[in-house]
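[1] Give me coordinates for this.
(2 chains)
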Number of protein chains: 2
Amino acid sequence: MSLENISANKSFGGWHKQYSHDSKALNCSMRFAIYLPPQASESNKVPVLYWLSGLTCTDENFMQKAGAQRIANELGIAIVAPDTSPRGEDVADDEGYDLGKGAGFYVNATQAPWNRHYRMYDYVVNELPELIELTFPVTTKRSISGHSMGGHGALTIAMLNPDRYQSMSAFSPIANPINCPWGVKAFSAYLGEDKSTWLKHDASVLMSKATQFVPALIDQGQGDDFLVEQLKPEALSNAAEQSGYPLTLNMQQGYDHSYYFISSFIESHLHFHAKHLNM
Amino acid sequence: MSLENISANKSFGGWHKQYSHDSKALNCSMRFAIYLPPQASESNKVPVLYWLSGLTCTDENFMQKAGAQRIANELGIAIVAPDTSPRGEDVADDEGYDLGKGAGFYVNATQAPWNRHYRMYDYVVNELPELIELTFPVTTKRSISGHSMGGHGALTIAMLNPDRYQSMSAFSPIANPINCPWGVKAFSAYLGEDKSTWLKHDASVLMSKATQFVPALIDQGQGDDFLVEQLKPEALSNAAEQSGYPLTLNMQQGYDHSYYFISSFIESHLHFHAKHLNM
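    I've put the predicted structure just below:
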């Protein structure tokens, strides 16, 4: 695989770097970012937290705004942030911010024109970790987190692959996409009108039926403009009650959907993952 | 003065807010950001750190990327970030990123067409603090910091007004603008060709002649692409030696000019200011 380093910034004693590579899963060139803490080396490999961003984001939003590197340095965790969709001139797109580029929803599209490139599920679950674990001084211990659309991605991907992730967390996730406008629009386009195919990508459905558990932490701002119409965290807490899922859901008074919220609570998420990564 | 709240985000228990107001000094509408920590109230006023940003920035870069709110919350300090120049359709501009909008250089322009709006010195020294201290639960204890062009602004403004600031700090400041391309271009345009008028806005000149001291902390990345041609921190250390100025200058190996650098060391700057704000 061709892997090209396109930027490097020293950060909290470690390095934030961006790379581009040709993705087989997505059939296009992709960019991702990695933060390697100073303690990472071939003789001291570190575990990885994967971060999935929300609508309109790239690999950059979390790395620039969340303030996670300080804690990743303290705990000795690498962080990997992929882009949120395939990219490039020949990649199908939509006029809306909530479909197409920047809005891959972490599924494998089955419908034209999306199915040519939109396979973010395969990319995040298989291709990207394989590349990361081949290239960087990291172990195969993984946790996964994300925001909004990326929170949906983190929860569904971890629940569909409970042996691959030690823990999962989310900020303001789209908790029940089959029942909200963002999810219905994206799933209709990417997965088609047969709603039975949607169920495997709905965090609340998965959580309600789960028998193998991945420890889960969610923070949700009560001042979030998208709370009632799009996010619906109550669907997850109901699902957790149904299956006995080990979910901690914190409702945070006054916080909104922005990175000001994420940065305020990212420290507790990283400590949560560190605990489950046996650090 | 008309003051309009245009955004509010809860952040580390306090509030980040943006306001617009009509500035007399700048003869245009201006936006600024303030972070008020949770302990700020009419019965418990808190001191203020002013942050001056660098070329091309607005009030947003520092608030989104530096990770300062966490520490401001711990220490009980408010942070105010003005924009970097006057704004608006009738404000003079230049094609370059280093002159005109986004590049006010924290001076009062004396030359046409700039002198109609470009009076960032008056705005930062007088108008903005007056507005802040009238409006928010803050004391009149002030410190000042900044990055690059804003580091130049913070150092020169504090040294020209030693009674108004308890401490000053900078990341990667333009240390000797009369001797670097950015400074020569901006001062020629704003202040004219008579170089004697430039001296009062050169941090190294001011520091070499100072008799009244403001405690000073500077961090500079050794991997900064602008280090040799534009920033010249050695001019400041030479000046400090000449006058006996209480300057701590830390050269940080491998760090560049970005907010990845600022966020890595902002905690030590806030602790430095808190000490001198008698907290």
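
[2] Could you report the separation of A:Asn108 from A:Tyr121?
    Going from A:Asn108 to A:Tyr121 by CB to CB, to the nearest Å gives 5 Å. Just so you know, the C-beta spots here come from the backbone N, C-alpha and C atoms, and that holds for glycine as well.

[3] ok, the two, which is more surrounded?
    Counted by other CB atoms under 10 Å in any protein chain shown, A:Asn108 and A:Tyr121 do not tie: A:Tyr121 has more neighbours, with 23 against 18.

[4] For chain A, what lies in contact range of chain B?
    Those residues of chain A that sit near chain B, judged by CB under 8 Å from any CB of the partner chain, are A:9-13, A:16, A:64-65, A:67, A:69-70, A:221, A:223, A:254-256, A:258-261, A:263-264.

[5] So which of these belong to helices?
    A:Gln64, A:Lys65, A:Gln69, A:Arg70, A:Tyr259, A:Tyr260, A:Phe261, A:Ser263, A:Ser264 (DSSP state H).

[6] Of the residues you listed, which pair is most distant in space?
    With distances taken as CB to CB, the most widely separated pair in those is A:Gln69 and A:Phe261, at 18.0 Å.

[7] what's the burial count for A:Leu270?
    Residues near A:Leu270, counting by other CB under 10 Å, number 23.

[8] from what I can see it touches A:Leu49, true?
    Yes - taking contacts as CB atoms under 8 Å, A:Leu270 lies within contact range of A:Leu49: 7.1 Å.

[9] so what's in contact with the two at the same time?
    Residues touching both A:Leu270 and A:Leu49 (CB atoms under 8 Å, 6 or more residues apart in numbering or on different chains): A:Ala72, A:Ile77.

[10] all strands of the stretch 1-150 of chain A, in order?
    A:3-11, A:14-23, A:28-36, A:46-52, A:78-82, A:138-147 (DSSP state E, counting those that start in this stretch).

[11] The residue located most distally from the centre of chain A and chain B, how far apart?
    Going by CA atoms, centre = their mean, the residue of chain A most distant from its centre is A:Ser43, 28.2 Å out. The gap separating A:Ser43 from chain B is 21 Å, by CB to the nearest CB, to the nearest Å.

[12] Could I get the phi/psi values of that residue?
    phi -90, psi 0 (degrees, to the nearest 10).

[13] again, but for the one 10 residues further on
    Backbone torsions for A:Ser53, taken as degrees, to the nearest 10, come to phi -90, psi 170.

[14] isn't it right up against A:Ala154?
    No - using CB under 8 Å, A:Ser53 is not in contact with A:Ala154; the gap is 10.3 Å.

[15] Mind listing the shared neighbours of those two?
    By CB under 8 Å, 6+ apart, A:Ser53 and A:Ala154 have these common neighbours: A:Gly146.

[16] and stretch A:187-202, how far apart are its ends?
    Taking CA to CA, to the nearest Å as the measure, stretch A:187-202 stretches 10 Å from start to finish.

[17] Not counting sequence-adjacent ones, nearest residue to A:Ile254?
    Rather than Ile, residue A:254 is Gly. Spatial nearest neighbour of A:Gly254, excluding adjacent residues (CB to CB, 6 or more residues apart in numbering or on different chains): B:Lys10 at 4.2 Å.

[18] Looking at strand pairing, list the partners for the one you found.
    For B:Lys10, the beta-bridge partners under DSSP bridges are B:Trp15.

[19] ditto for A:Ala170
    A:Gly146, A:Ile218.

[20] Point to the residue nearest the middle of chain A.
    A centroid search over chain A (CA atoms, centre = their mean) returns A:Leu52, at 2.4 Å, as the residue closest to the centre.

[21] For it, give its distance to A:Tyr121.
    11 Å.

[22] Find the residues that touch each one of those two.
    A:Tyr106, A:Ile157.

[23] contact partners of stretch A:102-118?
    The contact list for stretch A:102-118 (CB under 8 Å, 6+ apart) reads A:26-28, A:52, A:55-58, A:84-86, A:88, A:91-92, A:94, A:96-97, A:119-122, A:124, A:149-150, A:152-153, A:156-157, A:177, A:183, A:186-187, A:189-192, A:197, A:201.

[24] cool, stretch A:230-237 as well?
    By CB under 8 Å, 6+ apart, stretch A:230-237 touches A:148, A:155, A:172-176, A:179-183, A:203-204, A:207, A:218, A:220, A:224, A:227, A:247, A:249, A:251.

[25] Among those residues, which ones are in helices?
    A:Leu155, A:Pro181, A:Trp182, A:Gly183, A:Ala203, A:Ser204, A:Met207.

[26] Tell me who's in contact with the fifth one.
    Residues near A:Ala203 by CB under 8 Å, 6+ apart: A:His152, A:Leu155, A:Thr156, A:Met159, A:Pro173, A:Ile174, A:Ala175, A:Asn176, A:Pro177, A:Leu236, A:Ala239.

[27] Now do whatever residue of the stretch 51-200 of chain A ends up closest to chain B against A:Val46, distance only.
    Per CB to the nearest CB, A:Gly67 is where the stretch 51-200 of chain A lies closest to chain B, at 3.8 Å. A:Gly67 is 19 Å from A:Val46, where distance means CB to CB.

[28] do A:Gly104 as well
    On the measure of CB to CB, A:Gly104 and A:Val46 end up 27 Å apart.

[29] which one of those two has more residues nearby?
    Higher neighbour count among A:Gly104 and A:Val46: A:Gly104, with 33 against 23, using other CB under 10 Å.

[30] Give me the phi and psi for that one.
    The phi/psi pair for A:Gly104 (degrees, to the nearest 10) is phi -70, psi -20.

[31] And A:Ser243, by the same measure?
    Taking degrees, to the nearest 10 as the convention, A:Ser243 sits at phi -100, psi -10.

[32] State the pLDDT value of it.
    With respect to pLDDT, A:Ser243 scores 98.

[33] mind checking pLDDT for the residue nearest to it when sequence neighbours are not counted?
    Closest residue to A:Ser243 apart from its sequence neighbours, by CB to CB, 6+ apart: A:Ala210 at 4.9 Å. pLDDT, A:Ala210: 98.

[34] Then A:Met279?
    Predicted confidence (pLDDT) for A:Met279: 74.

[35] One more: A:Asn108?
    What the model reports for A:Asn108 is a pLDDT of 98.

[36] And A:Leu75, by the same measure?
    At A:Leu75, the model reports a pLDDT of 98.

[37] Lovely, talk soon.
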